[in-house]
Structure formats: C-alpha cells, structure tokens
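Next input, structure requested:
(2 chains)
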Amino acid sequence: METVGIWIGALCTLAIFSFLLRENPFFRTAEHLFIGLAAGLGIFYGYQTIVSNAWTPLFNPDPGEARKWFLIVPLVLGVLLYTRFLKKGKWISRIPLGFLVGVGSALAIRGVIGASFMSQIVATMELPLWHTMAKFKIDAILFILGVIGTLIYFFFSREQKGPLKVGASIGKWVMMLAFGAAFGNTVMARMSLLVGRIYFLLGEWLHIL
Amino acid sequence: MKLLEILQNIDRRIIYLILALSIILPLLFPIGFPVDITQNTQDVYDLVDKLPAGSVVLLSYDWDAASAPELLPQAEALTRHILDKKLKLVAIALWNQGATFADRVHNTVAPEVGAVYGEDYVNLGYRPGQAVVLNSLARDIHATFPEDVARTKTASIPMMKDIRSIEDIDLVISLSAGDPGLRTYIEQIGAQYPVTITGGVTAVSVPGMLPYLQSGDLVGLLAGMSGAAEYENLIDRPGLGLGGMDAQSISHLVIIAFILIGNIAYLAGGRKKK
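Model prediction:
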C-alpha cells in the first residue's frame, strides 16, 4: 500500500513539474486531484469535529456524563449559516456570521494588542542603546534608527522635507533591506521545497539515494 | 554584443535544467558543507534539553504538505529529542494535514526510541477554529480535543489523565507554515499564560517572527531546512535536513550566479545603447 502511495506521489510530482515545459493535461489532472483531495479532507475534518465536539456530548454522552445542553447553541448557529441559500431567509445567516466576526475579532485584537503591539513597543523602548554603544555594538543603534526612520516614512501629516526627509530616506532604505532579506528567505524556502521533492523522487521512489 | 543578447535571452527551460542539476548532483554526490549552529537553534535545543524527565511538551503541527520538506525534518528531530529525553509529548494540529504528519513522525521515531503511544506520546489530531481552539485548549484540553486521531477518548488515555489545561504544559512548540501557527500561539497563549513558547517556521516566515524573538515573546526559532539541519547536528542524528543542505547551498550559488549574469548583461547592454 505504501508503494502505491509513493508511486502516486511521484507521478503527481512529475505531472506538476511538467508545467515548467508548458501547460498540459497531466498538470491539469494533478492540479484538480489536489484541489479535490484538499476539499474532501476539509469536509471530513469539519464533520468529524462537529460529531466529536458537539453532537456526541449533546446527544450521545459517555455513561456517567451529563448532556451538555448549551452545545445546542453553536449547533443551531451553524445550521443557520446555510439559510443564506434561502431567498427570503437570507438575512438569518447574518446572525451566526455576526457572532463569528465578533468572537474572531475580539480574540484577534486581544492577542495582537498584547504580543504584537505593546510588547514590541516596550521591547524597542527597553533596548540598551547606550550600553551597547559603549561596547561598540551598533545593532541597537541601527535598530532604533530603522524603527524611527520607518515610522517617519509613514508620517503623512506634514510635507517630508528637512529632518523629516532624512528620516523618511533612512526608513525607505531600511525597508528595502528588509524586503531584500524577506525575498532571500522566500527563495530559500522555495529551494527547500524543490530539494524535498527531488529528495523524494530520488530516494523514496527511485531508491538511488 | 552577441554574448550579452544570449545572456539576456536564456531559455527559461535551460535555467530550470541547471537549477535541477544543482540540486540533484549534490544529493547524489554529497559535498559535506559545514553546518554552523545558530543561537536561535541552540536556544530551542536548550529549552528541550533542560526539561526534567516527565515534563510535558505540546508540539503543534501547523503546516501542510507544501511545507513538509522544511518542517517535517524539524518535527522528526524535535520528536526524537523529546522522546529520547523521556518527556511526555502531546501533538495537536491547527492545520488539517498536520495530524497526518504527526502520525508519520511518530511511526518513524517512536519505535527507534522505544516510546509507547498513550504513555509517552499522543496525537490529539486537528481541530478547526484557529485562535478559538487555542483559547479553549488553554482552559480545557479534554473538552477541546475529546478524542485522539484514533477516536480514543482523551480522558481514557493514561498520559492525558493529568494533562488537562495549559498549566500542565511545560513547553509549547509550534511548527508553523503561516497562520494559524506560531504567531497565534504567541498572541493567544504566550500573552496570557506563563508558558514558554518556541517553534520552527518555514524560511519564508522567518523575518516575520524575528520581532517576537527580540521582544522575548518567543524563545528560540528553527528556520526552515537549515534550522532542521542544525538541530539534527545537535542531536547527532542526520536526516533530511542535513542531507538537503548541500543541495540548497549549491542551488543558492546558482541563483546568485544567474542574478549577477542577468544584471551584468542588462547593465552592459544598457550602456551600449546610450
């Protein structure tokens, strides 16, 4: 069975790589197969989660466990999402959607303000600038210059001339360097994927590694 | 000049072929470039290594097949280290293919280190819901993951009897290819609970995670395939990470060469026109 899986994986990999020459039916087949499988997997896991996290505790609890009646609320809300397919009852789907957006936004904002906003500001403020300067380490100075420069670059309340222009210019260069580093990492990531596929083809499929 | 025209109009299929050869040849004939250990990888290793036996590690598989070449070697190396140290491993997934990869890693590593399912490690599978799942998990793991991947009740799994909330977890590791992933853990768990968070990401995600290292919200980071190679070096168990580093290094040199050739040809051609 494992051999069949490896052969399917290898043939699908080659079919996808064939796109490098030109678009062809093999590539299309592999592409559709992948999309279908991914969608099927998503539906399966969604169904399984509803059964294990809501349906079973509500309707088939384990012996000795109380029914969790409150789970009827998310179940009903979930069903209401499908009213969007009804012409007259379309508006009802906005109720669960509003609930989802509300909870999702609240959780996201709570986390973002703490870890991705305040924590970053505090960490930048706490950088031991003078201490590292004394040690001839310029990391912290570059960091502070980069942050201030980038903030000035996005400061649009005044025309950028004089000191603001200098600051914005520093910000622009810092961002260009950051984009370059990000692009370099992207190339590295893509190469890793290619290495992984070739490793699979030569190793697990052809057994020449 | 004719040479400049040729350089500026190289058939893309030739570039693909050279790139493929730059990966295939080092895989067939390894060069053995040295792999230096970065501080971020060392920090991840130290976190795991310093945990006393019996400590609980939550390893989250937040990636899919598209990121497997980078994150699968990281997962294997980490799992080998965790189980070898006799730590308890709880695997979960925020991406639906993650649970399958967790099974694959366990099937490879557990027999080698003599780990037993349900006593030393468990795979609780995937739950959709992203940040909601993490908030729920932090309060009650059993309610969030009522069953493992084999549909065994979580409450009936021996090692899970005393692992009920985030307070029972000693270290959180997220191997992440995007959101939900390591950032979600930092924002939803790290910002609210006193548990150390570390992880590994694909190379493309590294710049986005560096600010969290600087702020201390994240301790240590495995960066792509090179991170996996470094970790394999630290635990002295070569795998796909180390095996692929030669190919990656050579392919990078080839890309740099192409960038230089293309730009030189462009600049030289432009000067001539002026």
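
Would you double-check that residue B:122 falls in a strand?
Yes. Using DSSP: H, G, I helix; E, B strand; the rest coil, the secondary structure at residue B:122 is a strand.

Quick check, it in contact with residue B:99.
No. With contact defined as CB atoms under 8 Å, residue B:122 does not reach residue B:99; the gap is 11.5 Å. Just so you know, the C-beta spots here come from the backbone N, C-alpha and C atoms, and that holds for glycine as well.

where does the residue nearest the centre of chain A fall, helix, sheet strand or coil?
Note on chain A: the residue nearest the mean C-alpha position is residue A:108, at 13.5 Å, using CA atoms, centre = their mean. When classified by three-state DSSP, residue A:108 comes out as helix.

now do residue A:160
From three-state DSSP, the assignment for residue A:160 is coil.

Settle this for me: it is touching residue A:166, isn't it.
No. With contacts counted by CB under 8 Å, residue A:160 stays clear of residue A:166, the gap being 9.3 Å.

And these two? Which one has more around it.
residue A:160 (16 against 13; other CB atoms under 10 Å in any protein chain shown).

dump the residue contacts of the more buried one.
Applying CB atoms under 8 Å, 6 or more residues apart in numbering or on different chains, one finds that residue A:160 lies in contact with A:152, A:168.

buried stuff in the lowest-mean-pLDDT helix or strand in chain B?
Across the helices and strands of chain B, the lowest-confidence element by mean pLDDT, DSSP states H and E is helix B:2-8, at a mean of 78. Under the neighbour-count criterion of 16 or more other CB atoms under 10 Å in any protein chain shown, helix B:2-8 has B:4, B:7 buried.

gap between that helix and the chain center?
Distance, stretch centre to chain centre, for helix B:2-8: 41 Å (CA atoms, centre = their mean, to the nearest Å).

cool, and stretch B:120-140?
Put simply, stretch B:120-140 sits 19 Å off its chain's centre (CA atoms, centre = their mean).

excluding its backbone neighbours, what's nearest the closest residue to chain B within chain A?
Scanning chain A for the residue nearest chain B gives residue A:196, at 2.1 Å (criterion: CB to the nearest CB). In this structure, residue A:196 finds its nearest non-sequential neighbour in residue B:69, 2.1 Å apart by CB to CB, 6 or more residues apart in numbering or on different chains.

show me the contacts for that neighbour.
Listed by CB under 8 Å, 6+ apart, the contact set of residue B:69 reads A:192-193, A:195-197, A:199, B:225, B:240, B:244.

And for the strand or helix carrying residue A:123, what's in contact with it?
Per DSSP states H and E, residue A:123 falls inside helix A:119-125. Helix A:119-125 is contacted by residues A:143-144, A:147, B:191, B:211, B:214-217 when judged by CB under 8 Å, 6+ apart.

mind saving the C-alpha coords of the helix or strand containing residue B:133 as PDB?
Secondary structure from DSSP H and E places residue B:133 in helix B:131-139. Only the C-alpha atoms of helix B:131-139 are listed here, as PDB (Å, rounded to 0.1, in the frame of the first residue of the first chain):
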ATOM      1  CA  ALA B 131      -7.500  31.300  17.900                       C
ATOM      2  CA  VAL B 132     -10.700  29.900  19.400                       C
ATOM      3  CA  VAL B 133      -9.100  26.400  19.600                       C
ATOM      4  CA  LEU B 134      -6.100  27.800  21.500                       C
ATOM      5  CA  ASN B 135      -8.200  29.700  24.000                       C
ATOM      6  CA  SER B 136     -10.300  26.700  24.600                       C
ATOM      7  CA  LEU B 137      -7.300  24.400  24.800                       C
ATOM      8  CA  ALA B 138      -5.700  26.600  27.400                       C
ATOM      9  CA  ARG B 139      -8.600  26.200  29.700                       C
END
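
average pLDDT across the following helix or strand past that helix?
Downstream of helix B:131-139, the next assigned helix or strand under DSSP H and E is helix B:141-144. Per-residue pLDDT over helix B:141-144 has a mean of 94.

do stretch A:155-164 as well
Stretch A:155-164 shows a mean pLDDT of 88.

so how far is that stretch off the chain centroid?
For stretch A:155-164, the distance to the chain centre is 35 Å (CA atoms, centre = their mean).

returning to what we had before: how far off centre is the helix holding residue A:123?
Distance of helix A:119-125 from the chain centroid (CA atoms, centre = their mean) equals 24 Å.

Pull it out as CSV, backbone CA atoms only.
Extracted in CSV, the C-alpha atoms of helix A:119-125 (Å, rounded to 0.1, in the frame of the first residue of the first chain):
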residue,chain,number,x,y,z
SER,A,119,5.2,44.0,23.6
GLN,A,120,7.0,45.2,20.5
ILE,A,121,6.9,48.9,21.6
VAL,A,122,8.1,48.1,25.1
ALA,A,123,10.9,45.8,23.7
THR,A,124,12.1,48.6,21.4
MET,A,125,12.0,51.2,24.3
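
For chain A, which segments are assigned as strands?
For chain A, applying DSSP state E gives no strands.

now chain B
Under the criterion DSSP E, chain B contains strands at B:56-62, B:88-93, B:121-126, B:171-176, B:196-201, B:222-223.
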